[in-house]
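Novice: let me see the structure of the following:
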Amino acid sequence: MIAVLTGDIIHSSRVSPEKWLKSLQGALQSLGNSPKNWEIYRGDSFQTEVSNPLDALQISIKIKAAIKAIKGLDVRIGIGIGEKTYEAARVTESNGSAFVNSGHRFDALVKEKINLGIQSPWPDFDREMNLYLRLGLIAMDNWTPNGARMVLLALDNQNLSQTELGKLEGIKQNTVSTRLKRAYYDEIRLLLDMYREKLNARL
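Specialist: A predicted model of the protein is given here:
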């Protein structure tokens with residue numbers, strides 16, 4: 001089992017690509033090499049393979065935080081969980097149920113007018129997790145750029161204290177605390193824990 005993320009940048013035409021392309025590339029580079037493991041195509045669309053599906057939601061949220069840190073932008077991501085039955089030189093040419101599920105969920109997001117969803121081999125898992133994601137998006141879709149940047153920094157440095165995070169940003173600990181609280185960071189962490197627990201029971 002693997003996970004595949006299919007996504008695009010919302011309102012990308014309103015902002016110069018130089019402002020968001022580097023952020024997107026930075027969020028994807030830790031997943032391997034392009035174009036084998038991830039690829040940006042059609043200007044503002046992307047697809048990436050995640051070898052451990054337990055990491056797929058956190059990676060999706062980190063991508064969202066990286067893009068939301070840029071004023072006026074957001075990202076839409078369909079998470080697909082399943083198998084890879086054909087491996088190509090480019091991730092966008094590989095195939096299997098994980099790729100199919102990701103594409104189907106991404107297409108459904110556009111129709112449903114939501115920005116994050118999941119499709120797996122287990123419909124009851126999907127139904128429950130997609131409800132949690134809809135609730136989580138109430139917070140995530142309303143992140144400010146400062147809040148999104150702080151969430152990304154905290155997810156990338158989970159072993160650091162708020163004081164240490166503040167030093168990285170050049171801000172005080174109480175400012176870090178306020179930004180994370182307004183971004184509902186603790187609730188996002190609980191959502192990630194729930195996702196891993198529910199999915200681990202299936203794998």
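
Novice: next, count neighbours for residue 145.
Specialist: 14 (other Cβ atoms under 10 Å). C-betas here are computed from N, CA, C, even on glycine.

Novice: in this structure it contacts residue 72, no?
Specialist: No: contact criterion Cβ atoms under 8 Å: residue 145 and residue 72 do not qualify, at 9.0 Å.

Novice: helix/strand/coil for the residue nearest the centre of the chain?
Specialist: Centroid-nearest residue in the chain: residue 60, 1.1 Å away (criterion: Cα atoms, centre = their mean). Following DSSP: H, G, I helix; E, B strand; the rest coil, the label given to residue 60 is helix.

Novice: surely it meets residue 76?
Specialist: No: contact between residue 60 and residue 76 fails when scored by Cβ under 8 Å: they sit 10.3 Å apart.

Novice: list residues touching both of the two?
Specialist: 7, 116 (Cβ atoms under 8 Å, 6 or more residues apart in numbering).

Novice: for the residue of the chain positioned farthest from its centre, which non-adjacent residue is closest in space?
Specialist: Ranking residues of the chain by C-alpha distance from their mean position (Cα atoms, centre = their mean) puts residue 172 at the top, at 27.4 Å. Distances taken as Cβ to Cβ, 6 or more residues apart in numbering put residue 166 closest to residue 172, at 5.6 Å, once the chain neighbours are dropped.

Novice: ok, residue 140 next?
Specialist: Using Cβ to Cβ, 6+ apart, the closest residue to residue 140 is residue 64 (6.1 Å).

Novice: next one: that neighbour from residue 155, what distance?
Specialist: 11 Å (Cβ to Cβ, to the nearest Å).

Novice: now for residue 8: which residues touch it?
Specialist: 42, 44, 45, 46, 75, 76.

Novice: the helix or strand the fifth one falls within: partners in the sheet, and parallel or antiparallel?
Specialist: Under the criterion of DSSP states H and E, residue 75 resides in strand 74-82. Using DSSP bridges, the neighbouring strands of strand 74-82 in the sheet come out as strand 2-10 (antiparallel), strand 116-119 (parallel).

Novice: how about the helices in this protein?
Specialist: Using DSSP state H, the helices assigned to the chain run over residues 17-29, 56-68, 97-112, 123-140, 145-156, 162-169, 173-182, 185-200.

Novice: now for the second one, which elements pack on it?
Specialist: Applying 3 or more Cβ pairs under 8 Å, 6 or more residues apart in numbering; DSSP states H and E, one finds that helix 56-68 makes contact with strand 2-10, helix 17-29, strand 45-50, strand 74-82, strand 116-119, helix 123-140, helix 145-156, helix 185-200.

Novice: and for the first one?
Specialist: When contacts are defined as 3+ Cβ pairs under 8 Å, 6+ apart, helix 17-29 packs onto strand 38-41, strand 45-50, helix 56-68.

Novice: same thing but at 10 Å, please
Specialist: With contacts defined as 3 or more Cβ pairs under 10 Å, 6 or more residues apart in numbering; DSSP states H and E, helix 17-29 has these neighbours: strand 2-10, strand 38-41, strand 45-50, helix 56-68, strand 74-82, helix 145-156.
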